[in-house]
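Engineer: After the sequence you'll find the predicted model.
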2 protein chains.
Amino acid sequence: MPRPRFEKLPPEKRELILETAAKEFAEFGYEGASLNQILAKAGISKGAAYYYFDNKEDLYGTAVSHYAIEMIDKLDLDFQDLTAVSFWPALQTMYEQQYTQFAERPWVFGVVKSGGPMNQALLMQGELGEFWQNLEGMLANLLRQGAELGVVRHDLPDDLMMAVVMAVDEAHDNWLLSHLPEMTNEELQAAAAQMVGLLQKLLAP
Amino acid sequence: MPRPRFEKLPPEKRELILETAAKEFAEFGYEGASLNQILAKAGISKGAAYYYFDNKEDLYGTAVSHYAIEMIDKLDLDFQDLTAVSFWPALQTMYEQQYTQFAERPWVFGVVKSGGPMNQALLMQGELGEFWQNLEGMLANLLRQGAELGVVRHDLPDDLMMAVVMAVDEAHDNWLLSHLPEMTNEELQAAAAQMVGLLQKLLAP
DNA sequence: ATTGGTTGAACCAGATGGTCTAAAATATAC
DNA sequence: GTATATTTTAGACCATCTGGTTCAACCAAT
């Protein structure tokens, strides 16, 4: 939780700090990203940084929350009334939106997903524990729904399925990131289909 | 390449150093593992370490080579005369061997695979570049053979398929590592089938 | 006694996340 | 406009860590 005074900063300054932080965390992960580097790149001093945030973890949490909220606002994450027919198309819609709407700001998804397979222990311990439980709950809920609808296998342990889905998601994101400069909008849509195809192959019964 | 004098050390001492290093590199990766920590845990001094190795990268490369050679010796990696019928069973045999023979020393595979998705750039630049090209070449060759035999899809970009296979492999290894203490030999065999099942689902046309 | 091999640990420069205080900037009161 | 109070900031400093350098001390062999 940042200090309340952070919210009173001019929006451009807030966004500069959060965007700089998100880019570093998305690229290097929490441990690998250096607070000193973030501050140097954002052009704020150490004293100012500690005036607005408790510590590195607080900055991380603020960035993750900020972009997760934006992500949730902008993506059609309505997974309420899924049917066996609409399950995979709904997932594909979500990936299309992710890829096309955030193509120029891939760090948005990068930082939100930076809590992926590697950082669970750290994140569960911190202030964002509840947030991450909710996010994992979302994926777990999706897999459970899919199983009930008969479109997702239920022969594997839950934790393994979660881990594999996140790993494939991450691998695909990284692949996409390295090909992003060359991609047209149509190609991004095709990439979403490709990603969902991978998931469907992995997860279908 | 370690100094020749390293090979003249008593085998127990050599193994202690390499095993300690491998455990740290397997757990934290090359960047995340600390040379100072490895030395403290192995009980050798800095001076001695630099007497036997050029630097951290040299130690890493030595550990990777050492265990890769052991892995290649012990596993039935004969992928020469595969048929459409024998393709997946051969993969399963390999995973069975990996899981059952190295259950008590998972760092062997951990360090060899630590060059996975994240460290490619570093490794390609170093002395082990050729080694990694060969290892990647092995996997690429396997995928190509599978495609020729009609048991592996060839509708995805090669680099994406490689990345996804490695990501799933790593996620499964990590899952296995966290469940290893409870697993019987039969369960390890089942895990191998599970892993190959995942690959087959992902890769079959 | 001399030589060669090995080792320990002090040292180095640079980096990390975090602490602290004086200076600078801004807001408020008159 | 000036004086004062409050807020914000810069950057020196801290302890600890990193990978790497160095050399005197020790030991075994001759």
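Structural biologist: Nice, I can see it.

Engineer: got the contact list for A:M1?
Structural biologist: Applying CB atoms under 8 Å, 6 or more residues apart in numbering or on different chains to A:M1 gives the contacts A:D54, A:D58, A:G61, A:T62, A:E127. The C-beta positions use only the backbone N, C-alpha and C, and glycine is treated the same way.

Engineer: quick check, nearest of those residues to DNA strand D?
Structural biologist: A:D54 (13.7 Å; CB to the nearest atom of the strand).

Engineer: what about the closest one, neighbour count?
Structural biologist: Neighbours of A:D54 under the rule other CB atoms under 10 Å in any protein chain shown: 14.

Engineer: on that earlier part again, now for the contacts of A:M1, which sits with the most neighbours around it?
Structural biologist: Among the contacts of A:M1, the one with the most neighbours (other CB under 10 Å) is A:T62, at 23 neighbours.

Engineer: so how far is DNA strand C from A:D169?
Structural biologist: From A:D169 over to DNA strand C the distance is 26 Å, taken as CB to the nearest atom of the strand, to the nearest Å.

Engineer: How many residues are close by A:Y99?
Structural biologist: 24.

Engineer: can you check A:P10 too?
Structural biologist: A count of neighbours around A:P10, defined by other CB under 10 Å, yields 8.

Engineer: hmm, back to that, now the contacts of A:M1 as TSV including pLDDT, distance to B:F25 and secondary structure?
Structural biologist: TSV is the format used below for these (pLDDT from 0 to 100; distance: CB to CB, whole Å; DSSP: H, G, I helix; E, B strand; the rest coil):
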residue	pLDDT	distance to B:F25	secondary structure
A:D54	95	33	coil
A:D58	94	31	helix
A:G61	92	30	helix
A:T62	94	33	helix
A:E127	55	32	coil
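
Engineer: which residue packs closest to A:Y67, ignoring adjacent ones?
Structural biologist: Using CB to CB, 6 or more residues apart in numbering or on different chains and skipping residues adjacent in sequence, the residue nearest A:Y67 is A:V108, 4.7 Å away.

Engineer: C-terminal to the helix or strand encompassing A:N134, what's the next element?
Structural biologist: In the assignment (DSSP states H and E), A:N134 maps to helix A:129-149. Downstream of helix A:129-149, the next assigned helix or strand under DSSP H and E is helix A:158-179.

Engineer: Please see if that next one touches chain B.
Structural biologist: Yes. Counting by CB under 8 Å from any CB of the partner chain, chain B is contacted by helix A:158-179 at A:D159, A:L160, A:A163, A:V164, A:M166, A:A167, A:V168, A:E170, A:A171, A:H172, A:N174, A:W175.

Engineer: Now do the contacts for the residue nearest to the last one when sequence neighbours are not counted.
Structural biologist: Setting aside the residues directly before and after it, A:W175 is nearest to B:L160 in space (CB to CB, 6+ apart), at 4.7 Å. B:L160 makes contact with A:A171, A:H172, A:W175, A:Q194 under the criterion CB under 8 Å, 6+ apart.

Engineer: Just send these back as JSON lines, with neighbour count and pLDDT too.
Structural biologist: Below are the contacts of B:L160 laid out as JSON lines (neighbours: other CB atoms under 10 Å in any protein chain shown; pLDDT from 0 to 100):
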{"residue": "A:A171", "neighbour count": "24", "pLDDT": "95"}
{"residue": "A:H172", "neighbour count": "22", "pLDDT": "96"}
{"residue": "A:W175", "neighbour count": "23", "pLDDT": "95"}
{"residue": "A:Q194", "neighbour count": "20", "pLDDT": "97"}
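
Engineer: Identify each buried residue in stretch A:193-205, please.
Structural biologist: A:Q194, A:M195, A:V196, A:L198, A:L199, A:Q200, A:K201, A:L202, A:L203 (16 or more other CB atoms under 10 Å in any protein chain shown).
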